[in-house]
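Engineer: from the sequence below, what's the structure:
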Amino acid sequence: MKKVLLLAILAFSISANAQVKKYKSNAKNKKVTVVENKKVVYQVFTRLFGNKNTTNKPWGTIEENGVGKFNDFTDKALTEIKNLGVTHIWFTGVPHHALVNDYTKYGISNDDPEVVKGRAGSPYAVKDYYNVNPDLAVNPAKRLDEFESLIARSHKNGLKVIIDIVPNHIARKYVSLSNPAGVRDFGADDDTTQEYERNNNFYYIPGQHFQVPTSDSYKPLNGEKNPLIDGIFDENPAKWTGNGSRLAKPDINDWYETVKVNYGIRPDGSKDFPELPDGFEKKSYKDHFEFWKNKDVPSSWIKFRDIALYWTAKGVDGFRYDMAEMVPYEFWSYMNSAIKMKNPDAFLMAEVYNPNEYRNYIYKGKMDYLYDKVATYDKLKEVIQGKSLPDGLSDIQHSMADIEHHMLHFLDNHDEQRLASPEFAGTPEKGKPLMVVSATLGSSPTMIYFGQEVGEAGNENGGFGTHSRTSIFDYVGVPNHQRWMNGGKFDGGQLSQSEKDLRDFYKRLLNFTIKSEALMGNFQEIQSSNRDKTQGYDAGIYSYVRWSTNEKLIVIANFSWLSTSNFDLKIPADVIATWKLNDGSYPLKEQLYGSAATLKVENGVGVVKVSIKPSESFVFKM
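Structural biologist: Next up is the predicted model:
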């Protein structure tokens, strides 16, 4: 009955329609050896970052709505990003992808709007992996030089560089103008009479022409006239679509602007390539690299390995892999081990949304990090929307204790609804406790999306992209971020006071995390010791401890935004014993804003008096 009452209180203080989630007891983690500092990834949508245009006309052209350039990432901009507490910058949308703009004077072919999403195009429909998006260059003829200069500037300012690689699919029309000597385009040597052949780069639908998808509710370029919009796209025979559709006329909701790459998976799902021997999940990337030496692998494997090594040689420090679980983990073993042989410190992160496959892609596929979307992200979103208690966060952390270091935490990215949007947290302030927990719960990296730190809510309807997500398909401006950018000064000069305070919060939090030894150490929940036993420990409260040999932290977050909670937080006897504390008083200092508290230990049990406001969090250090 008490649990139901607690949940009812949470529903009142956070939202409505809360659901009861049973809390499970948890065992203490084994000791973790500190081997590195925490990493923070700053994801930036490259063409939007430097755009100063505030027009935001739906379906606006590049001339009407503007576009950012590589050169907008000045030393000042990169320094401010670094000073936010960032270690790695992910430049999203760099490889040359299909878009609706005329660059024919540079030898670039026009793309058919009927197989391009939006006007600016999806960054995940790449048409030339050996060059970069011409929209991003001041001089498109020198676009690769401009990006190489950005890599050098980023490194000079202390940031590691990450770009996208999308092995599962490429643009419907892939034409590389920049292939190195001896490199052939995808599909150039395919036997198109066969649905499947091991060394074909694509799957085919022999005897059928591709048909442009149609819909009563969607018209390319919103119905605007264009000489290439004629209901025809020349592809014969038709290829499978990127999401696996085998229809010559894909559905309008399919990834129709892309074609699926063949990695030696037969149409019946069986594997047509060497498989890793038993026990290789325990072996190093060097062992994996040796295994693949002299093995006969499909053509697509070699093509993508060479692409990754091309960018590695140019100074790119890592990659974000789109929809990695749609490609077999054996390929990832082959490619990632080759990358690591060139750069052992390469940062390799991937989208994998099937928890049953996490360990295969980490241990067998040699991924460094996977998105912790299905568990931690989804749980935090449920909590702030009043759909569940936060207690289950501990279960999630313990269920992935063996891989938690590999599960990258985030609350915002180009695919998801903005943290500050009405569809997610509602306000950026309500997102604060989520951010504290996301950044301090585990030893894995933290990722934030540009504009998140100043409360960007994604309210614009760009055209193909609609509100709550910042459009990745359109030429748009990002209002909150533009106020921080302040016409290229990158000093926050146009931010409101609340936006300045929010960015200060992120700066304090992220800089603390990258220096904290305890956050690379042990985790133990203290939620179960307080939930049913501590008076005033309201439904929206969540607490845990983190520690290493030299640092001990107590973390408390209040997910409620309506009520201040006052209680005596219990630090259980097993924690006190592990920390080797005798009875007495121990001063605590809050690491974000510097307030003080006291841990009192009596009879081997600790107590901290807490008064925590709505959406407030404390990170106490002993």
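Engineer: and Ile151, how many residues sit next to it?
Structural biologist: Close neighbours of Ile151, defined as other C-beta atoms under 10 Å, add up to 19. The way it works is simple: take the backbone N, C-alpha and C, and place the C-beta from them, glycine included.
Engineer: check for me that it belongs to a strand.
Structural biologist: No: Ile151 sits outside any strand when classified using DSSP: H, G, I helix; E, B strand; the rest coil, being helix.
Engineer: measure it to Trp311 for me?
Structural biologist: Taking C-beta to C-beta, to the nearest Å as the measure, Ile151 falls 9 Å from Trp311.
Engineer: how many neighbours does Arg483 have?
Structural biologist: 21.
Engineer: residues in contact with the spatially most central residue of the chain?
Structural biologist: What sits nearest the mean C-alpha location of the chain, by C-alpha atoms, centre = their mean, is Asn413, with 5.4 Å. Contacts for Asn413 (C-beta atoms under 8 Å, 6 or more residues apart in numbering) come out as Gln43, Met447, Tyr449.
Engineer: run the last query once more with 10 Å
Structural biologist: Asn413 is in contact with 41, 43, 45, 90, 92, 320, 351, 371, 373, 377, 419, 447-449, 452, 469-470, counting by C-beta atoms under 10 Å, 6 or more residues apart in numbering.
Engineer: now Thr440
Structural biologist: With contact set as C-beta under 10 Å, 6+ apart, Thr440 has these partners: 38, 409, 446, 509, 512-513, 516, 518-519, 523, 544, 546, 553, 555, 557, 591, 617, 619.
Engineer: sorry, back to before: which neighbours do Ile151 and Trp311 share?
Structural biologist: With C-beta under 10 Å, 6+ apart as the test, Ile151 and Trp311 both reach Val161, Ile163, Asp317.
Engineer: now, the contacts of Asn413 that are in strands?
Structural biologist: Val41, Gln43, Phe45, Trp90, Thr92, Arg320, Tyr371, Met447, Ile448, Tyr449 (DSSP state E).
Engineer: hmm, which two among the residues you listed are most spread apart?
Structural biologist: Pairwise distances across those (C-beta to C-beta) peak at 17.0 Å, for the pair Phe45 and Tyr371.
Engineer: can you put the shared contacts of Ile151 and Trp311 in JSON lines and add pLDDT, secondary structure and distance to Gly604?
Structural biologist: Putting the shared contacts of Ile151 and Trp311 into JSON lines (pLDDT from 0 to 100; DSSP: H, G, I helix; E, B strand; the rest coil; distance: C-beta to C-beta, whole Å) gives the following:
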{"residue": "Val161", "pLDDT": "99", "secondary structure": "strand", "distance to Gly604": "50"}
{"residue": "Ile163", "pLDDT": "98", "secondary structure": "strand", "distance to Gly604": "53"}
{"residue": "Asp317", "pLDDT": "98", "secondary structure": "coil", "distance to Gly604": "48"}
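Engineer: can I get those in TSV with neighbour count and distance to Ser528?
Structural biologist: Shown next, in TSV, are the shared contacts of Ile151 and Trp311 (neighbours: other C-beta atoms under 10 Å; distance: C-beta to C-beta, whole Å):
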residue	neighbour count	distance to Ser528
Val161	23	43
Ile163	23	43
Asp317	20	41
